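Q: here is my input, please return the structure:
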Amino acid sequence: MNVLAIDTGGTHVKILATGEKVHREFPSGPRMTAVRMVAAIKELAGDWKYDAVSIGYPGLVVHGHTVLEPHNLGPGWVGFDFATAFKLPVKVINDAAMQAFGSYQGGKMLFLGLGTGLGSAMIVDGLIVPMELAHLPYKKGTSEDYVGIRGLKKHGKNKWR
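A: Predicted coordinates:
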């Protein structure tokens, strides 16, 4: 079975299908809705063959369903039917959990993904637990406001590091 993997980020959406060597990407951002993302992916992956889709979603996912709108993207994600849109089986997982699982080699692992925001997940003996550390209160905002792209832009690279 060939799978199209989608990493939905706040700045870019990255895709890669089974058997392909180079990922493809396109810009996302605050105007990116689920409908726009699916349309862009279908166009960008039009020459790839895949039987199922796996989506890493930048927000809370419960039992394969998005339950909160993402902080860095446009509206319309909660309740969106990805399987109908792609006309294929689709699995949705928190993006940090997906990224963590991709590099997991056993035992215990804490994953922190620094990008547009702060993704976090823990894996213990194969059990993946997505964590929303980015939105915990910190100083005059949230953790993400200091270690994500907003923190980098506001404080500069030297202070951000």
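Q: next, the residue nearest to the spatial centre of the chain: phi, psi?
A: Closest residue to the average C-alpha location of the chain: Asp95 at 3.2 Å, with CA atoms, centre = their mean. Note on Asp95: its backbone torsions stand at phi -60, psi -40 [degrees, to the nearest 10].
Q: would you state the helices of the protein in chain order?
A: In the chain, the segments counted as helices under DSSP state H are 34-44, 82-86, 95-103, 143-147, 149-160.
Q: who does the second one touch, helix- and strand-wise?
A: It refers to helix 82-86. helix 34-44, strand 52-57, strand 90-94 (3 or more CB pairs under 8 Å, 6 or more residues apart in numbering; DSSP states H and E). Where you see a C-beta, it was placed from the backbone N, CA and C, and this is true even at glycine.
Q: could you dump those into TSV with mean pLDDT, distance to Ile6 and mean neighbour count added?
A: Putting the helices and strands packed on helix 82-86 into TSV (pLDDT from 0 to 100; distance: least, CB to CB, whole Å; neighbours: other CB atoms under 10 Å) gives the following:
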stretch	mean pLDDT	distance to Ile6	mean neighbour count
helix 34-44	98	6	16
strand 52-57	97	5	22
strand 90-94	96	9	19
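Q: now these as CSV including distance to Thr116?
A: Output for the helices and strands packed on helix 82-86, formatted as CSV (distance: least, CB to CB, whole Å):
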stretch, distance to Thr116
helix 34-44, 15
strand 52-57, 13
strand 90-94, 15
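Q: which residues are in contact with stretch 108-122?
A: With CB atoms under 8 Å, 6 or more residues apart in numbering as the test, stretch 108-122 has contacts from 9-11, 58, 71-72, 94-97, 99-100, 103, 123-125, 128-134, 143-144, 147-149.
Q: contacts only, for the residue nearest to the centre of the chain.
A: 7-9, 56-58, 113, 119.
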